[in-house]
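Peer 1: test case, fold it:
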Amino acid sequence: MKATTLQQQHLAGRVQVVDVRSGVEWRAGHIAGAEHLPLAELEGGQTPGSAATGSELVLVCQSGVRAAKARLLLRARGIEADVLEGGMNAWAAAGLPQVQEEGRHGISLMRQVQLIIGCINLLGLGLGLSHSPWWLGIPLFTSIGLLVAGITGTCGLALLLARMPWNR
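Peer 2: Below is the predicted model:
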């Protein structure tokens, strides 16, 4: 579903929006009236409360990838849902309103991944140059992980970080 269509349907009360992003992303900006249910909780067996209303569900994440995964999880439970094409990136690009919560929002999942991978790579490079070239396997391993994430659209480190208490 396109962002402008979702806004019209949501304002008319025809659809229920379920945001599957992390708590940090949610607090930074979300669609007014959306239900927040992180993907990690959906994977743990929770079901959106709005599924009981009988309204059409539309799943939202940052780019659409996690929402598509959430849709598959819900479909396996017999719950049909649509996905916001392009996620909140498309919503923001269309200039549609977002609710932002007061106070600190924390660091987004992708920035957390970038910081961790950068630190690990620098550590491996430093150890490899100063102690033993075997330490260069660390940046090699993280680089392969980034390639796999880029190819598959799934980042294992981001999924792990989404389950951490500071991202809920």
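Peer 1: let me see the ranges of the strands in this structure.
Peer 2: Listed in chain order, the strands of the chain (DSSP state E) span 15-19, 35-36, 56-60, 81-83.
Peer 1: could you dump those strands into JSON lines with mean pLDDT, distance to Trp134 and mean neighbour count added?
Peer 2: Just so you know, the C-beta spots here come from the backbone N, C-alpha and C atoms, and that holds for glycine as well. Output for these, formatted as JSON lines (pLDDT from 0 to 100; distance: least, CB to CB, whole Å; neighbours: other CB atoms under 10 Å):
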{"stretch": "strand 15-19", "mean pLDDT": "94", "distance to Trp134": "44", "mean neighbour count": "23"}
{"stretch": "strand 35-36", "mean pLDDT": "94", "distance to Trp134": "45", "mean neighbour count": "18"}
{"stretch": "strand 56-60", "mean pLDDT": "94", "distance to Trp134": "44", "mean neighbour count": "23"}
{"stretch": "strand 81-83", "mean pLDDT": "95", "distance to Trp134": "44", "mean neighbour count": "20"}
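Peer 1: nearest to Glu25, out of the ones you listed?
Peer 2: Closest approach to Glu25 among the strands of the chain is made by strand 15-19 (8.2 Å; CB to CB).
Peer 1: domain-wise, how is this structure divided?
Peer 2: By the assignment in automatic domain parsing, the chain contains the domains 3-93, 109-167.
Peer 1: format these as JSON lines; extra columns: distance to Gln100.
Peer 2: Shown next, in JSON lines, are the domains of the chain (distance: least, CB to CB, whole Å):
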{"stretch": "domain 3-93", "distance to Gln100": "5"}
{"stretch": "domain 109-167", "distance to Gln100": "17"}
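Peer 1: of these, which stretch is the most buried?
Peer 2: Most buried of those, by mean neighbour count (mean count of other CB atoms under 10 Å): domain 3-93, with a mean of 18.
Peer 1: distance between that one and the chain's centre?
Peer 2: In terms of CA atoms, centre = their mean, to the nearest Å, the centre of domain 3-93 is set 11 Å apart from its chain centre.
Peer 1: with only the CA atoms kept, save the biggest helix by length in the chain in PDB.
Peer 2: Assignment by DSSP state H gives helix 109-130 as the longest helix of the chain. The C-alpha trace of helix 109-130 is given here as PDB (Å, rounded to 0.1, in the frame of the first residue of the first chain):
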ATOM      1  CA  LEU A 109      19.400   0.200  14.900                       C
ATOM      2  CA  MET A 110      21.300   0.800  11.800                       C
ATOM      3  CA  ARG A 111      23.600   3.300  13.500                       C
ATOM      4  CA  GLN A 112      24.200   0.800  16.300                       C
ATOM      5  CA  VAL A 113      25.100  -1.800  13.700                       C
ATOM      6  CA  GLN A 114      27.500   0.600  12.000                       C
ATOM      7  CA  LEU A 115      29.100   1.600  15.300                       C
ATOM      8  CA  ILE A 116      29.600  -2.000  16.400                       C
ATOM      9  CA  ILE A 117      31.000  -3.200  13.100                       C
ATOM     10  CA  GLY A 118      33.300  -0.200  12.800                       C
ATOM     11  CA  CYS A 119      34.700  -0.800  16.300                       C
ATOM     12  CA  ILE A 120      35.200  -4.500  15.700                       C
ATOM     13  CA  ASN A 121      36.900  -3.800  12.400                       C
ATOM     14  CA  LEU A 122      39.300  -1.300  13.900                       C
ATOM     15  CA  LEU A 123      40.100  -3.700  16.800                       C
ATOM     16  CA  GLY A 124      40.800  -6.600  14.400                       C
ATOM     17  CA  LEU A 125      42.900  -4.300  12.100                       C
ATOM     18  CA  GLY A 126      44.900  -3.000  15.100                       C
ATOM     19  CA  LEU A 127      45.500  -6.400  16.500                       C
ATOM     20  CA  GLY A 128      46.400  -7.800  13.100                       C
ATOM     21  CA  LEU A 129      48.900  -5.100  12.400                       C
ATOM     22  CA  SER A 130      50.500  -5.100  15.900                       C
END
